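> Build the 3D model from these lines:
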Amino acid sequence: MTIAMYPNFVYDCPDAKRLAEFYGEILGWRVESREGWCEIRPEDNSNCISFQTVENYKAPTWPTQDVPQQLHLDVMVPNLDEAELEVLKIGAVKAEHQPGTTFRVFLDPAGHPFCLCSA
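I've put the predicted structure just below:
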């Protein structure tokens, strides 16, 4: 029996609008904004990721766990090199530590790790 449907991840961050625009650009999803809260959705509304502005936000310290990452987003891309250039253009930072060869770790504008993965 299904208890719930349509999971939605919510990211804490210092600027919900900025982070929603960043991930909206990566995924090609539209941004819906309210005061301190934003959502991104594809045109068919089949998914949603939300972002909430949090006072005194502390970015994760990946790969250490001094401030745990708690969750991160992995997205599949057809070409790692091309996708890397695109996410860097819109504000991502490539993480110094790269633990694999089939994916690359980046930090979003709020410092959350996310990965571009080979499709």
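> Tell me where the longest helix sits in this protein.
Ranked by number of residues, the top helix in the chain under DSSP state H is helix 16-27.
> Distance from the chain centre to that one, please.
Taking CA atoms, centre = their mean, to the nearest Å, the mean C-alpha location of helix 16-27 is offset from the chain mean by 8 Å.
> following that helix, which helix or strand comes up?
Next helix or strand after helix 16-27 toward the C-terminus (DSSP states H and E): strand 30-34.
> In its sheet, which strands sit next to that next one, and in what direction?
When pairing is defined by DSSP bridges, strand 30-34 lines up against strand 37-41 (antiparallel).
> Export only the CA atoms of the strand it pairs with, formatted as PDB.
The C-alpha trace of strand 37-41 is given here as PDB (Å, rounded to 0.1, in the frame of the first residue of the first chain):
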ATOM      1  CA  TRP A  37      10.200  29.900  -0.500                       C
ATOM      2  CA  CYS A  38      10.700  28.900  -4.200                       C
ATOM      3  CA  GLU A  39       9.800  25.800  -6.200                       C
ATOM      4  CA  ILE A  40      11.000  24.500  -9.500                       C
ATOM      5  CA  ARG A  41       8.800  22.200 -11.700                       C
END
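> Other residues contacting the next helix-or-strand element following that strand?
Later in the chain than strand 37-41, the nearest helix or strand by DSSP H and E is strand 49-53. For strand 49-53, contacts defined as CB atoms under 8 Å, 6 or more residues apart in numbering pick out 8-17, 19-20, 23, 29, 36-40, 73. Quick note: C-beta positions are derived from backbone N, CA and C, even for glycine.
> Go again with 7 Å.
Contacts to strand 49-53, defined as CB atoms under 7 Å, 6 or more residues apart in numbering, come from residues 8-16, 19-20, 23, 36-40.
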